[in-house]
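# Structure for the following, please:
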Amino acid sequence: MGMMEPEGMPPADKWRLSAACRGVGTEAFFPGRGDQTSAKTDYCDRCTVTVECLSLGLGENFGIWGGASELRRRTLRRTHRPEGES
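Residues are numbered from 1 along each chain as shown. Sure, this is the predicted structure:
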């Protein structure tokens with residue numbers, strides 16, 4: 001028997017059910033200034049949905065998303081703009 005899906009979860013968010021960090025408190029992914037992020041990304045290293053998580057996280061300014069820190073996502077946003085966008 002598979003994991004039960006939370007009632008009312010939008011189909012686009014179903015990937016979250018497969019996240020390695022499912023059930024982990026969000027504080028684990030919002031390190032304080034100067035804190036190491038490597039321990040936080042251990043979940044991401046073994047996760048099967050990092051692409052989906054990073055895709056969502058590109059619109060976020062804080063935290064670890066898809067294994068990427070705030071600085072890494074900022075760099076990705078700056079260097080990987082969709083075609084036609086300047």
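# Which residues are in contact with the residue most central in space within the chain?
Among the residues of the chain, the one closest to the centroid is Trp65, at 2.5 Å (C-alpha atoms, centre = their mean). By C-beta atoms under 8 Å, 6 or more residues apart in numbering, Trp65 lies in contact with Phe29, Cys53, Leu54, Leu56, Gly57, Leu58, Arg73. (Each C-beta comes from the backbone N, C-alpha and C, glycine too.)
# Phe62 too?
Phe30, Glu70.
# Please save the CA atoms from the longest helix belonging to the chain in PDB.
Identified as the longest helix of the chain according to DSSP state H is helix 70-79. Only the C-alpha atoms of helix 70-79 are listed here, as PDB (Å, rounded to 0.1, in the frame of the first residue of the first chain):
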ATOM      1  CA  GLU A  70      19.900  31.200  -1.700                       C
ATOM      2  CA  LEU A  71      23.100  32.300  -3.400                       C
ATOM      3  CA  ARG A  72      23.100  29.300  -5.800                       C
ATOM      4  CA  ARG A  73      19.400  30.000  -6.800                       C
ATOM      5  CA  ARG A  74      20.100  33.700  -7.300                       C
ATOM      6  CA  THR A  75      23.000  32.700  -9.700                       C
ATOM      7  CA  LEU A  76      20.700  30.300 -11.500                       C
ATOM      8  CA  ARG A  77      18.000  32.900 -12.000                       C
ATOM      9  CA  ARG A  78      20.500  35.400 -13.300                       C
ATOM     10  CA  THR A  79      22.200  33.000 -15.800                       C
END
